[in-house]
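[1] Need the 3D shape of this:
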Amino acid sequence: MTVRATRSAPPEAVCVMDPAVAEHVLPPELRARLASLVRLAPDPVGSGAGAAFPDALADAEVLISGWGCPRLTPEVLARAPRLRAVVHAAGTVKSLVSDAVWERGIVVSSAADANAGPVVSYTLALITLAARRTLTMAAGYSAGWPDFAGRSGADGLTVGVIGASRIGRRVIAELVRSDAGHQILLSDPYVTDEEARRLGAQRVELAELCRRSRVVSVHAPLLPETTGLLDAEMLALFPDGGVLINTARGAIVDTEALTRECSSGRLEAYLDVTDPEPLPSGHPLLSLPHVLVTPHIAGAQGSEVARLGRYAVAEVERWVAGEPLQGEVTREALPRLA
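    Below is the predicted model:
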C-alpha cells in the first residue's frame, strides 16, 4: 500500500475523455461526489485536445481518464510534474500508460472490473444461444419446422473457457452456480490444476479443450503467445457442430481458418471482436448464416457506463484516504492483462 501524505487542501484533478462520453460516465451525481474529494477542473478535456492536453495536466495530481484520453508519454508527463495517480474510468490501460508512468511512481487504476460485468452477462447469453444451436436452427427455419427428436438440449454441456481472466473466472463461476450441470474445461498456462478445481473447472491443454468442448469461449488477453492461438489446427479439433464465442480480442483467432470452418457449416461462431476490426464490407463472416458478428458491444454500453464512473470515483475516494486501490494495475501485471 502506498501511503499518501495528509493534505490541508483537496488535490487538483482533471478529467480527460471525450465530453460526450464523460456526460454518461460521470453524470451530475458522480461529479458532485468527485467535487467533495478533489478540486476538479470544471470541464473535461476532450480527446481532440492536442497540445492542450498536457497543459491541462500542469497542476493535476489526479488524472481521471477514459475513452479518448491521449497516451501518457514522457513528453506529456514532463509537463505534469505533480501527477500522482491515474484513475481510468474504462477498461484496459495498455494504450494509455508508458514506461514513464511507472518510472515516475504514478499509481494506476482501471475500472476493468466494473466493465467485466456486462461482458460476463453478454457471454452467458451467447452460451445459452450456442447451447441451443440457435444460429443453425434459425438458418433452417425457412425450410420448415425442425425435428426436435433426439436433440441433446442445453443442459450438461462441456464448455471450454480459454483464459482465467477476471471475465473468464466470473463466467466459470456463473456456469458453476447454474443448475445446468455443465462440465467446464479451462486452458490457462498460469493456472494450476488445484486452482482450476477451486474455480469449478478442470484444467486441460488447449488441444484437449478444443476436442472435448461443444462451446468454447475466449477470455484470454492478446499477447504475442496468444495471437493466432486458435489457428487452423486448433479449430479443426472442434467437434462437428461446435461453437466458438469470442468477446476478448479478435487476433486470438485465425480469421481465415475460422471463415473456412464456418463456411462449411461445421462450426457456429458468435464474434463480438474480429481481426481486423471492423471486418471489411463483404467479408464472408458477415453473411454466413451460422455466424453472428457484433460491433464490440459486450462491454459497458449506454446507461451501463455509469458503472465505470462509480468505480472510478470510489477509487479516488480510496486514494485520497490513503487506502489500497481495488483496481490498481502494476507494471508487472500489465502484460498479462487484456
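[2] helices and strands of the protein: which one bottoms out on pLDDT?
    Lowest by mean pLDDT, DSSP states H and E among the helices and strands of the chain is helix 52-56, with a mean of 80.
[3] who touches it?
    14, 16, 41, 45, 49, 70, 75-76, 79-80 (C-beta atoms under 8 Å, 6 or more residues apart in numbering). Any C-beta I mention is one placed from the backbone N, CA and C, and that applies to glycine too.
[4] which ones among the residues you listed are found in strands?
    Of those, the ones assigned to strands by DSSP state E are 14, 16.
[5] Widest-spaced pair of the contacts of helix 52-56?
    For these, the farthest-apart pair by C-beta to C-beta is Ala41 and Glu75; their separation is 20.9 Å.
[6] ok, the two, which is more surrounded?
    Taking neighbours as other C-beta atoms under 10 Å, Ala41 and Glu75 compare with Ala41 leading, 17 against 11.
[7] Relative to Leu237, how far out is that one?
    From Ala41 over to Leu237 the distance is 54 Å, taken as C-beta to C-beta, to the nearest Å.
[8] swap in Cys15?
    48 Å.
[9] Between the two, which is the more surrounded one?
    More crowded of Cys15 and Leu237, by other C-beta under 10 Å: Cys15, with 28 against 17.
[10] The more buried one contacts Glu23, doesn't it?
    No. Checked against C-beta atoms under 8 Å, the pair Cys15 and Glu23 is beyond contact range at 11.0 Å.
[11] May I have the phi/psi pair for Leu72?
    Backbone torsions for Leu72, taken as degrees, to the nearest 10, come to phi -90, psi 80.
[12] Quick check: pLDDT value at it.
    The per-residue pLDDT reported for Leu72 equals 95.
[13] Looking at strand pairing, list the partners for it.
    For Leu72, the beta-bridge assignment (DSSP bridges) gives partners Val97.
[14] what's it in contact with, if anything?
    Leu72 makes contact with 63, 86, 96-98, 100-101, according to C-beta under 8 Å, 6+ apart.
[15] Ok, Leu63 next?
    Contacts of Leu63 by C-beta under 8 Å, 6+ apart are 13-14, 16, 57, 69, 72, 80, 83, 85-87.
[16] And those residues, which two are furthest apart?
    Taking C-beta to C-beta, the two most distant members of the contacts of Leu63 are Ala13 and Leu72; they sit 15.2 Å apart.
[17] For stretch 266-284, measure first residue to last.
    15 Å (C-alpha to C-alpha, to the nearest Å).
[18] What are the contacting residues of that stretch?
    Residues external to stretch 266-284 that are found in contact with it (C-beta under 8 Å, 6+ apart): 122, 126, 129-130, 133, 135-136, 235, 238, 240-251, 253, 255, 258-259, 261-263, 285-286, 290-298.
[19] Try it again at 7 Å.
    Stretch 266-284 is contacted from outside by 126, 130, 133, 135-136, 238, 240, 242-251, 253, 255, 258-259, 261-263, 285-286, 290-298, using C-beta atoms under 7 Å, 6 or more residues apart in numbering.
[20] just stretch 25-42 next, same as before
    For stretch 25-42, using C-beta under 7 Å, 6+ apart, the contacting residues are 10-15, 17, 56, 62, 66, 89, 305-306, 308-310, 313, 316-317, 320.
[21] Sounds good, over and out.
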